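Asks: How does the following fold in three dimensions:
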Amino acid sequence: MRFVYFQPGRTSATSIILGLISIAIVVSLFVFMMPVLLGIFAVVVLAGLAFWLWSWIKMKMGWESEEVKTFREAMAQAEAAARSQYAGRSADPDGTVYESERVEVRALRSDRTRRRGMDDVSDVEEVK
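Replies: All right, here's what the predicted structure looks like:
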């Protein structure tokens, strides 16, 4: 069932003009609001870049607080200890150390076992 509501006293030309006016209003709101939205976006991006640049300058110039300096030194010592502990194992060119591990995967209703070689959690390769 379809309901049609007629608007008494209005011609089709009036309906077309009202439709064009409503489209013009929507387009003009879009045109006038886009610079505002882009400006807000630009301010947020520039504020983030300024914060990153200020943090970078503080780190390079040594203007950080004592707590941050102590934390950076502790992290450097922990990294050096980890590198000395895993010195005999394979390492990436950037120095990241991965441990090799064998994982057995069994299907629920099967006795068939597949072996997989895993250098990293995200690097699972099937070994035949």
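Asks: Going by C-alpha atoms from here, please, whenever you check contacts or count neighbours.
Replies: Will do.
Asks: can you map out the strands along this structure?
Replies: In the chain, strands defined by DSSP state E lie at 101-106, 113-120, 123-127, listed in chain order.
Asks: could you give the mean pLDDT of the shortest one?
Replies: In this model, strand 123-127 has an average pLDDT of 49.
Asks: Same question for stretch 13-32.
Replies: Stretch 13-32 carries an average pLDDT of 89.
Asks: tally of neighbours for Arg83?
Replies: Arg83 has 16 neighbours, counted by other Cα atoms under 10 Å.
Asks: Make 34 the first number, not 1, from now on.
Replies: OK, 34 is where the count begins now, so the last one is Arg116.
Asks: could you measure it against Lys102, distance?
Replies: Note on Arg116: its distance to Lys102, by Cα to Cα, to the nearest Å, is 21 Å.
Asks: Low-confidence stretches in the protein?
Replies: 34, 36-44, 120-161 (pLDDT under 70).
Asks: quick one: contacts for Gly52?
Replies: By Cα atoms under 8 Å, 6 or more residues apart in numbering, no residues touch Gly52.
Asks: how far away is it from Val69?
Replies: Distance from Gly52 to Val69, counting by Cα to Cα: 26 Å.
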